[in-house]
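*Asks:* Make a model of this:
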Amino acid sequence: MTLPLTRRRLLGACAVGLSVVSAGCGGAMSFGTDQTEFERGLGTDVARITVETDSGDARVSRTDAESVRVRGTKETGSVFTDLDDLTVETARDGDRLHISTDTSGGSFLGLGGGSISLDIGVPEGVAVERVSSGNGVATATNVAGDVSLEATNGMARANDVDGSVSLASTNGPLSARGITGLDGAETTNGEVDVAVPAIDGDVSISSINGTVIAALAPDLDATVVASTENGTVNVDDLPFERDGPKDTLRGTLGDGTHELTVETTNGSVLLTRLRRPVRQSQQSQ
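*Replies:* This next block holds a predicted model:
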């Protein structure tokens, strides 16, 4: 009777020598992956939270539960990875809770690896400070707090955030709607589509390869400087007059106290008026 070749027995066989790995175990990379889902609750005495994944999505949203809820998915990269080697870690600093993942233990001789994607639910009253993903998306939805969203290879997106937001990605688009303020948005490769209801200081919105769309509140106090090297700068329903080439524009909102830079290298820029939604209470009046 032939016993099944388990993952750990295979690792033991491959560990005999690098020559064995090269000659006899290289084909094992195609054996497929394992996946498991998990969920657990954390303490109720949390006022602030940060979330970070080293490989996988990081999503934070509002929950009606009384405590922070952690849901996630572990996925191995190959037969060389064991799900038990992919871990979720928590750390406390006063009333701040930091949730992170560690997938480094799932790699054997540079082979394998895996990912952990997190979906964090935060109760009302918990401020979200940072959401960061390595090789995945970083999102914040229907939460409160001045939050920084960062993605290495993936999208960064904020929807309905009661606070000022900053977004950054190396390779991925950026999106922010329904936010209180914008502190910045910068990506290398990807489209940028953000609302700018308020700024507190100088702010940069930029992409190197991608279109940039910025919806500006008409009551901003900003000097707006927009430019592109390969494209055009367009304006919709804002009090700006173009007096130069189509790839640059400079305009003033309010007293022009802060500088708002909107730029891309390869792509076009669109500046449009931010139209805030009418609340139900206003509609009934």
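
*Asks:* Would you mark the buried spots in stretch 167-185?
*Replies:* By 16 or more other Cβ atoms under 10 Å, the buried positions in stretch 167-185 come out as 167-169, 172-179, 181-185. C-betas here are computed from N, CA, C, even on glycine.

*Asks:* And the helices in the stretch 151-285 of the chain?
*Replies:* Along the stretch 151-285 of the chain, the segments classed as helices by DSSP state H, counting those that start in this stretch run 280-283.

*Asks:* where does it have low pLDDT?
*Replies:* 277-285 (pLDDT under 70).

*Asks:* Just say helix, strand or coil for Arg92.
*Replies:* Secondary structure state of Arg92, per DSSP: H, G, I helix; E, B strand; the rest coil, is strand.

*Asks:* Show the contacting residues for it.
*Replies:* Residues near Arg92 by Cβ atoms under 8 Å, 6 or more residues apart in numbering: His98.

*Asks:* what secondary structure does Asp84 sit in?
*Replies:* Assignment for Asp84 (three-state DSSP): helix.

*Asks:* Quick check: pLDDT value at it.
*Replies:* Looking at Asp84, its pLDDT is 86.

*Asks:* Which members of the buried residues of stretch 167-185 are the farthest-apart pair?
*Replies:* Gly172 and Gly181 (22.0 Å; Cβ to Cβ).

*Asks:* So for Glu52, what's the pLDDT?
*Replies:* For Glu52, the pLDDT comes out at 98.

*Asks:* What pairs with the helix or strand in which it is found, parallel or antiparallel?
*Replies:* Counting by DSSP states H and E, the element that carries Glu52 is strand 48-53. Taking DSSP bridges as the criterion, strand 48-53 pairs within the sheet with strand 96-102 (parallel), strand 127-133 (parallel).

*Asks:* quick one: Arg157 and Gly172 touch, right?
*Replies:* No - assessed by Cβ atoms under 8 Å, Arg157 is found out of contact with Gly172, at 9.4 Å.

*Asks:* any common contacting residues for the two?
*Replies:* Val137.

*Asks:* As TSV, the strands paired with strand 48-53 with mean neighbour count, distance to Glu52 and mean pLDDT would be great.
*Replies:* Compiled in TSV, these are given as follows (neighbours: other Cβ atoms under 10 Å; distance: least, Cβ to Cβ, whole Å; pLDDT from 0 to 100):
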stretch	mean neighbour count	distance to Glu52	mean pLDDT
strand 96-102	19	4	97
strand 127-133	23	4	99
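
*Asks:* Glu259 is nearest to which of those?
*Replies:* Here strand 127-133 is closest among these (Cβ to Cβ), at 25.3 Å.

*Asks:* So for the chain, the centremost residue is which one?
*Replies:* Closest residue to the average C-alpha location of the chain: Ala138 at 2.3 Å, with Cα atoms, centre = their mean.

*Asks:* partners of that residue in the sheet?
*Replies:* Counting by DSSP bridges, the residues bridging with Ala138 are Ala58, Ala156.

*Asks:* need the contact list for it.
*Replies:* Under the criterion of Cβ under 8 Å, 6+ apart, the neighbours of Ala138 are 57-59, 131-132, 149-151, 154-157, 169.

*Asks:* Ser100 too?
*Replies:* Neighbouring residues of Ser100 by Cβ under 8 Å, 6+ apart: 51-54, 88-91.

*Asks:* Among those, which one sits closest to Val122?
*Replies:* Checking the contacts of Ser100 against Val122 by Cβ to Cβ gives Val51 as the nearest, at 9.3 Å.

*Asks:* ok, that closest one - contacts?
*Replies:* 58, 60, 98-100, 118, 120, 128, 130-132.

*Asks:* Next: Asp146.
*Replies:* Counting by Cβ under 8 Å, 6+ apart, Asp146 has contacts 127, 129, 163-165, 183.
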